[in-house]
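[1] what would the 3D arrangement of this be:
(chains A, B, C and D)
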Protein chains: 2
Amino acid sequence: MSDIELNDKKIQILEVAEKLFSEKGFEGTSIRDISKEAKINIAMVSYYFGSKERLLEALIFYKTVDLKLQLENLLNENLEPLEKVNKLIEIYVNRICLNKGIYRVLHFELYNKKREKSLKAFTELKKGNLKSVESIIKQGQDQGVFRKDITIPLITPTIIGTFFHFHMNRSFFEELLDLKTEEMFNNYIKNDLTKHIQQTIKALLVYEN
Amino acid sequence: MSDIELNDKKIQILEVAEKLFSEKGFEGTSIRDISKEAKINIAMVSYYFGSKERLLEALIFYKTVDLKLQLENLLNENLEPLEKVNKLIEIYVNRICLNKGIYRVLHFELYNKKREKSLKAFTELKKGNLKSVESIIKQGQDQGVFRKDITIPLITPTIIGTFFHFHMNRSFFEELLDLKTEEMFNNYIKNDLTKHIQQTIKALLVYEN
DNA sequence: GTTTAAATTAAACAAGTGTTTAATTTTGCA
DNA sequence: TGCAAAATTAAACACTTGTTTAATTTAAAC
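    Below is the predicted model:
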């Protein structure tokens, strides 16, 4: 069976792996954990993916392959620069929200470790994202809507970092903001948190001293 | 030996543990790894801390105990609101920079895991931090310098999240911004990144529509 | 229905895990 | 110097880890 081709069983394993990796980390999750949750034999992971390490690689590829496309589509839409930025933020928040687990895995299993193949794919993804952001912001600068003394590569850290930090401290904010149900938490992200990020980036981009 | 009392050997173990936990994660680091790096016998960790889990608890306490104090001191300083916010950002960046490893451990080993004792200590720390931030910003609002339609609890995620995301993608930004040495990287954080965060928060706080 | 490849299984493998034990060495104090 | 407490050690403990093996079942093609 090909490395890329994904049948139902492979996908099922990947979904379970994402869930467990994000909950307990890569090292903290055993193949037996995955097998149990996915209701398959322990040998099937090696059979399908070769090793636990290659399972992680497959997972990263599987979960990041279409983000690039989504951003490139945004570029070609006919929108005002600020609207584009707001939509960009929505895409980021939405995506990380949907793929809850994988971003935690990406950032924490690829940091300071020798997973060259996975790391390279992740780096390429980030480069592509940055190009899209640059393009959008330069459009706004050319139109005289955005100020020019901003460091564009630091915009993404502010967008994703704010969301990520909020998400990583989920239980703290659940208690603080009295978000009792999963639905309330997700609604807060979709409305208030997204708005806060949009407000922040807008202030940063159009502020005049 | 008391739980709290820290002799040289205990501290040596904690320092090594922080380094390895931050590099390889809690589960990814074995007691034998720690022993080897700290040049002690494997039994010494259990002897001093009781267990690997309790070692983590001790580490978190050891590394967070004085941040609270630092923030409370800032409150009483005689500074303009905006200056206080800028200094707050400097304190955060500086602290996380100095304690490189522990924040990664805090956010990723306490997320979705049942480490109640450690989690509680961390939550208390965050509550205290939030109180300091609230107090500073309300001061600025009372003086009419800061706008009032902002969500204060989301300020910290933006500050720490931006820095954290930058740090978690270190190798990406090293390549992108051509930061060849450790010194250049640290200087970029101290100057450009800190300035970006300060610029962002300032824009958010004083922007008038 | 037979055949061939793919899928699935239980069992075993060696290596690594956190922790405990019991013996030995070092230390500090009378 | 002598002695009790603390520190340190090597060895063993039971358990979990990722991976492989070889046998069996299922599926598809002819």
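[2] what about the lengthiest helix in chain A, near chain B?
    Longest helix of chain A, by residue count under DSSP state H: helix A:116-142. Yes: counting by Cβ under 8 Å from any Cβ of the partner chain, chain B has neighbours in helix A:116-142: A:119, A:123, A:126-127, A:130. Backbone N, C-alpha and C define where each C-beta goes, glycine included.
[3] which among the residues you listed end up buried?
    Buried subset of those (neighbour count, 16 or more other Cβ atoms under 10 Å in any protein chain shown): A:119, A:123, A:126, A:130.
[4] for the closest residue to DNA strand C within chain A, give me the pLDDT.
    Ranked by Cβ to the nearest atom of the strand, the top residue of chain A for proximity to DNA strand C is residue A:41, at 3.2 Å. Looking at residue A:41, its pLDDT reads 94.
[5] leaving out sequence neighbours, find the closest residue to it.
    residue A:35 (6.3 Å; Cβ to Cβ, 6 or more residues apart in numbering or on different chains).
[6] right, and that neighbour touches residue A:44 too?
    Yes: between residue A:35 and residue A:44 there is a contact under Cβ atoms under 8 Å: 7.0 Å.
[7] briefly note if stretch A:184-197 comes near chain B.
    Yes: contact between stretch A:184-197 and chain B, assessed by Cβ under 8 Å from any Cβ, occurs at A:192-193, A:196-197.
[8] can you list the weak-confidence ranges in chain A?
    The model of chain A has pLDDT under 70 over residues A:1-7, A:112-113, A:207-209.
[9] run the last query once more with 90
    Residue ranges of chain A with pLDDT under 90: A:1-9, A:22-25, A:27-28, A:60-73, A:95-125, A:128, A:168, A:171, A:206-209.
[10] the closest residue in space to residue A:134 that isn't next to it in sequence - how many residues pack around it?
    Leaving aside its chain neighbours, residue A:134 sits nearest to residue A:152 (5.4 Å; criterion: Cβ to Cβ, 6+ apart). Applying other Cβ atoms under 10 Å in any protein chain shown, we find 15 other residues in the vicinity of residue A:152.
[11] do you know how far residue A:152 is from residue A:49?
    Applying Cβ to Cβ, to the nearest Å, the value for residue A:152 to residue A:49 is 38 Å.
[12] would you mark the buried spots in the helix or strand residue A:37 falls within?
    Using DSSP states H and E, residue A:37 sits in helix A:31-38. The neighbour-count check on helix A:31-38 (16+ other Cβ under 10 Å) flags A:31, A:33-35, A:37-38 as buried.
[13] could you say which helix or strand holds the spatially most central residue of chain A?
    Ranked by distance to the mean C-alpha position of chain A (Cα atoms, centre = their mean), the top residue is residue A:96 at 3.8 Å. If you go by DSSP H and E, residue A:96 is part of helix A:81-98.
[14] show me what that helix is packed up against.
    helix A:67-76, helix A:116-142, helix A:155-168, helix A:194-206 (3 or more Cβ pairs under 8 Å, 6 or more residues apart in numbering or on different chains; DSSP states H and E).
[15] for residue A:78, helix, strand, or coil?
    coil (DSSP: H, G, I helix; E, B strand; the rest coil).
[16] and it, how far is that from chain B?
    25 Å (Cβ to the nearest Cβ, to the nearest Å).
[17] just residue A:33 next, same as before
    12 Å.
[18] now do the SS call for the residue lying closest to that residue once chain neighbours are set aside.
    In space, and not counting its chain neighbours, residue A:33 is closest to residue A:20: 5.6 Å by Cβ to Cβ, 6+ apart. Put simply, residue A:20 is helix when judged by three-state DSSP.
[19] could I get the contacting residues of residue A:90?
    Residues near residue A:90 by Cβ atoms under 8 Å, 6 or more residues apart in numbering or on different chains: residue A:194.
[20] ditto for residue A:164
    Here residue A:164 is in contact with A:96, A:103, A:107, B:161, B:164-165 (Cβ under 8 Å, 6+ apart).
[21] wait, doesn't residue A:61 sit right on residue A:124?
    No: counting by Cβ under 8 Å, residue A:61 sits too far from residue A:124 to count as a contact (11.0 Å).
[22] quick one: which of the two has more around it?
    Neighbours per residue (other Cβ under 10 Å) separate residue A:61 from residue A:124, with residue A:61 holding more: 18 against 12.
[23] find the nearest non-adjacent residue to residue A:185, please.
    Spatial nearest neighbour of residue A:185, chain neighbours left out: residue A:179 (4.5 Å); criterion: Cβ to Cβ, 6+ apart.
[24] which ones are touching residue A:89?
    Here residue A:89 is in contact with A:159, A:194, A:197-198, A:201 (Cβ under 8 Å, 6+ apart).
[25] ChimeraX command for the buried members of the residues you listed?
    Filtering the contacts of residue A:89 down to the buried ones (16+ other Cβ under 10 Å) takes a single ChimeraX command:
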select /A:159,194,197,198,201
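[26] what's the helix or strand for residue A:105?
    Going by DSSP H and E, residue A:105 is in helix A:100-109.
[27] what residues does chain A have near DNA strand D?
    A:29-33, A:42-43, A:45-47, A:50-53 (Cβ under 7 Å from any atom of the strand).
[28] contacts only, for residue A:28.
    Residues counted as contacts of residue A:28 (Cβ under 8 Å, 6+ apart) are B:25-27.
[29] sorry, slip of the keys, the one I care about is residue A:21.
    Residue A:21 touches A:29, A:56, A:59, A:101, A:104-105, A:109, counting by Cβ under 8 Å, 6+ apart.
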